[in-house]
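Enquirer: I'll drop the sequence and a predicted model, then ask my questions.
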Amino acid sequence: MNIIVLFGPPGSGKGTQAEILAEKFQLKHVSTGDLFRYNMKNNTPLGIEAKSYMDKGSLVPDELTTEMLKDELKRNSEQKGFILDGYPRTTSQAQALDSLLEELFQTTVKVTIALNVEDETLVHRIKKRSIDSGRSDDADENIIRNRIKEYYDKTAVVSQYYIDQEKFVDIEGEGNREEITAILSDVLVKWI
Ligand code: ADP
């Protein structure tokens, strides 16, 4: 089973690229942000709890997030592989991911690909997309900057976890959409 992690700060294009790559490589796209938003829209207990964190641009606690991810992977166990977008976001989530991949599928992450984008580009892109996304965490610059801060405080360090396992590839995330898709596709062809 192919497990691919797309990694990078908010606004780096993970979601857009994950969707394209999922179709191209027949992987199931799993976005923890989308799963939280689905739960919020449906007012589930998980959604109500997650909302208080997401509205501030903070990470949702690891345990809640991991439980939700596990349910989603279990529900899709017939898939040939997954492209994870927005998980893991802490080292503890990276460890939890390894345990649950072993438990559910006796497998592990194949490769983690990071998209590198400058902070000011991130803020600009997120503000621009807020018109279409309708996301309240996209519309407010303070919340956007807090999400970027959470990334540097808690998420950036996760790259070391995968560098140590020699399954980390860093790519430039600043080109146009098609260029980035082409670069990502080349990486995937080599790894899966
Ligand atoms: P972005 O990458 O643009 O921030 P996402 O949709 O991936 O957008 O995430 C939106 C929000 O959902 C995050 O700010 C956070 O509150 C929550 N979230 C998503 N994934 C995780 C995760 N793995 N751990 C904790 N919180 C998460």
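Expert: Nice, I can see it.
Enquirer: for the ligand, give me its nearest residue in this structure.
Expert: Ranked by Cβ to the nearest ligand atom, the top residue of the chain for proximity to the ligand is Gly33, at 1.7 Å. No exception for glycine: its C-beta is placed from N, CA and C like everyone else's.
Enquirer: how far out from the middle of the chain is the helix or strand hosting that residue?
Expert: Per DSSP states H and E, Gly33 falls inside helix 32-41. Distance of helix 32-41 from the chain centroid (Cα atoms, centre = their mean, to the nearest Å) equals 13 Å.
Enquirer: so for the helix or strand just after that helix, mean pLDDT?
Expert: Sequence-wise, the next helix or strand downstream of helix 32-41 (DSSP H and E) is helix 45-54. Taken as a whole, helix 45-54 has a mean pLDDT of 98.
Enquirer: and helix 45-54 with helix 32-41, angle?
Expert: With axes from the mean of the first three to the mean of the last three Cα atoms, to 10 degrees defining the directions, helix 45-54 sits at 120 degrees from helix 32-41.
Enquirer: re earlier: contacting residues for the residue of the chain closest to the ligand?
Expert: By Cβ atoms under 8 Å, 6 or more residues apart in numbering, the contact list for Gly33 reads 15, 85-86.
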